[in-house]
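[1] pasting the sequence and the predicted coordinates here, then a few questions.
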Amino acid sequence: MSTKRSTNPRPAGPVTTAPENLRITVFGTGYLGATHAVAMAELGFDVVGVDVDQAKVDALAAGKVPFFEPGLPELLEKTLATGRLRFTTDAASAVAGADVHFVCVGTPQQRTSHAANLAYVEDATRVIAQHLTKDAVIVGKSTVPVGTAARLRELVAATVPAGIDAELLWNPEFLREGKAVGDTLHPDRIVLGGVSERSEAVMRAVYAAPIAEGSPVVVTDLPTAELVKVSANAFLATKISFINAIAGVCEAAGADVTVLADALGHDVRIGRQFLDAGLGFGGGCLPKDIRALMHRSKELGANRAAALLQQVDEINMGQRERVVDMALEACGGSVLNKRIGVLGAAFKPLTDDVRDSPALNVAAALHLRGAQVTVYDPEAGDTARRAFPTLGYGTSVDEAVEECDVLLVLTEWKQFVDADPQRLAGLTRTPRVSTRAASSRPTSGVRPAGSSPDWAASRPDDPDRRVVASPAGPSRARALQPRA
Ligand SMILES: NC(=O)c1ccc[n+]([C@@H]2O[C@H](COP(=O)([O-])OP(=O)(O)OC[C@H]3O[C@@H](n4cnc5c(N)ncnc54)[C@H](O)[C@@H]3O)[C@@H](O)[C@H]2O)c1
């Protein structure tokens, strides 16, 4: 285990409970909070998950995870059965008697600016502080702009009942949807910002199991902890937009961006992950986090960071337009009354999260241009229907593909990647796979959201154009012969 310390900004704080008796609340039981609450119970603590959404609380209390996350339903069932985990909307009763309060509520993008909406974080922190009946540690896990935690400390100081000592620190979360359970129980790092000696001891007790396994602990100040999280997301987003920009150069120069990425990835300083040219990033984190960082950087006068992130965002959004253009080209310039099959709605595989989903963005853009769009996703059908009720939804791959003029594979679910393009082509209106554009160069540089499969794109001059995008790798697609 490696441990780094830069500062210890506060004197020893509260909490005298023995580590094994720590009682925990988790405010916000969405993708982050539900997973965190279950994981804390799995680690042996008494946990109450608190949310303002009664339906979510009822579902979790009944053992139903209201979203798709592999492994979480089983762990929820197991931890509920121990009696150590419960869920409530009654914040006052949850807070009373607990020692550690995690703030896991949402920080979405504001409707009218790129800044993060901090209203939920402020509300949850205020509610925790005002209901405290004993000394406690308040732990921020939500992703927030740098400077937020310092302001929340003032809010806590102004709200907490007299005689109660409440200490606020920041412990950003790095879990990935689709791998959230493993990431929470076995974090690749634990960042603790703004701890005192006492609250550091409390956090080390909370994370005793992963620390014993070797998870590195980074102890730092509040602003660094806040910035670690958004910088990590900004770096990943930059890597994706970098390869998508280079894909444009490859296309112009006749180079193969996939081989290029493989070759780049052999360099351990670069690495292969997040170097798949494609539809770009989406979801509930990366887009809003880079925008919030852009906004905050400008406020702080760090204009170069803001300019860099602006480019990253523009390149990313441009990828969605390119796929729309590909579909238009494949249909001879207009998709009006064309049938378009879309495989994928989630922003990446292994989740049902459709927040800022590139796949649905493309589907909706084509629908707006008059296409009849049928979307299929193995898990995100319901969330997609709620977000985009006017699109058509199929209940199987075949239903989305049947009789379509153009098929777009936009989320990299394994079943789409493994699908046989020749069989799919047989279901389309004209049963042909365009092979001419399935060169060893994925000339579009565009792939399903997420990462790896190559897919073939038909060219507008191709008389056989029907399946504009297939999940087949270029070599596999090239082997297919058009069926007249
Ligand atoms: N989803 C991820 O993969 C992930 C990973 C790391 C960090 N984060 C960060 O975690 C935070 C939460 O993200 P999420 O994806 O879980 O969001 P989410 O929208 O799924 O969940 C947020 C939950 O907070 C609840 N809530 C709002 N106000 C509340 C209040 N005052 N008291 C109690 N509950 C309240 C909402 O009802 C909702 O259930 C965000 O800051 C996000 O950036 C998310």
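    Alright, I've got the coordinates. Residues are numbered from 1 along each chain as shown.

[2] please tell me how far residue 256 sits from the ligand.
    Distance, residue 256 to the ligand, by CB to the nearest ligand atom, to the nearest Å: 32 Å. Glycine gets a C-beta too; all of them are placed from N, C-alpha and C.

[3] give me the number of residues near that residue?
    When neighbours are defined as other CB atoms under 10 Å, residue 256 has 20 of them.

[4] pull the CA atoms of whichever strand or helix holds residue 199 into CSV?
    Under the assignment given by DSSP states H and E, the secondary-structure element containing residue 199 is helix 197-206. Output of helix 197-206 as CSV, limited to C-alpha atoms (Å, rounded to 0.1, in the frame of the first residue of the first chain):
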residue,chain,number,x,y,z
GLU,A,197,-6.1,13.0,12.2
ARG,A,198,-9.3,11.8,13.7
SER,A,199,-11.4,11.8,10.5
GLU,A,200,-8.6,10.1,8.6
ALA,A,201,-8.6,7.3,11.2
VAL,A,202,-12.4,7.0,10.7
MET,A,203,-12.0,6.8,6.9
ARG,A,204,-9.3,4.3,7.2
ALA,A,205,-11.6,2.2,9.3
VAL,A,206,-14.4,2.6,6.7
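
[5] ok, the closest residue to the ligand within the chain - contacts?
    Closest contact between the chain and the ligand, by CB to the nearest ligand atom, is at residue 30 (1.8 Å). Counting by CB atoms under 8 Å, 6 or more residues apart in numbering, residue 30 touches 51, 56, 67, 104, 105, 106.

[6] go ahead and confirm the last one touches residue 144.
    Translated: residue 106. No: in this structure residue 106 lies outside contact range of residue 144 using CB atoms under 8 Å: 11.0 Å.

[7] the two: which is more packed in?
    Each of residue 106 and residue 144 had its neighbours counted (other CB under 10 Å), and the higher figure belongs to residue 144 (25 against 20).

[8] show the pLDDT at residue 461.
    Looking at residue 461, its pLDDT is 39.

[9] greatest separation within the contacts of residue 30: which pair is it?
    67 and 105 (15.4 Å; CB to CB).

[10] so where's the protein uncertain?
    Counting by pLDDT under 70, the ranges of the chain that qualify are 1-20, 430-484.

[11] need the contact list for the residue nearest to residue 346 when sequence neighbours are not counted.
    Sequence neighbours aside, residue 380 is the residue nearest to residue 346 in space, at 3.9 Å (criterion: CB to CB, 6 or more residues apart in numbering). By CB under 8 Å, 6+ apart, the contact set of residue 380 is 68, 345, 346, 351, 352, 353, 354, 357, 411.

[12] how does it look with 7 Å?
    Under the criterion of CB atoms under 7 Å, 6 or more residues apart in numbering, the neighbours of residue 380 are 345, 346, 352, 354.

[13] can you list those residues in TSV and add secondary structure and distance to residue 82?
    Shown next, in TSV, are the contacts of residue 380 (DSSP: H, G, I helix; E, B strand; the rest coil; distance: CB to CB, whole Å):
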residue	secondary structure	distance to residue 82
345	coil	35
346	coil	31
352	coil	27
354	coil	33
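
[14] rebuild these as JSON lines, extending it with distance to the ligand and neighbour count.
    Compiled in JSON lines, the contacts of residue 380 are given as follows (distance: CB to the nearest ligand atom, whole Å; neighbours: other CB atoms under 10 Å):
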{"residue": "345", "distance to the ligand": "17", "neighbour count": "30"}
{"residue": "346", "distance to the ligand": "12", "neighbour count": "32"}
{"residue": "352", "distance to the ligand": "11", "neighbour count": "21"}
{"residue": "354", "distance to the ligand": "12", "neighbour count": "26"}
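
[15] for those residues, which one is nearest residue 297?
    Taking CB to CB as the measure, residue 297 sits nearest to residue 354 out of the contacts of residue 380, at 28.2 Å.

[16] so that closest one makes contact with residue 388?
    No: with contact defined as CB atoms under 7 Å, residue 354 does not count as touching residue 388 (8.0 Å).

[17] overlap of the contact sets of the two?
    By CB under 7 Å, 6+ apart, the residues touching both residue 354 and residue 388 are residue 360.
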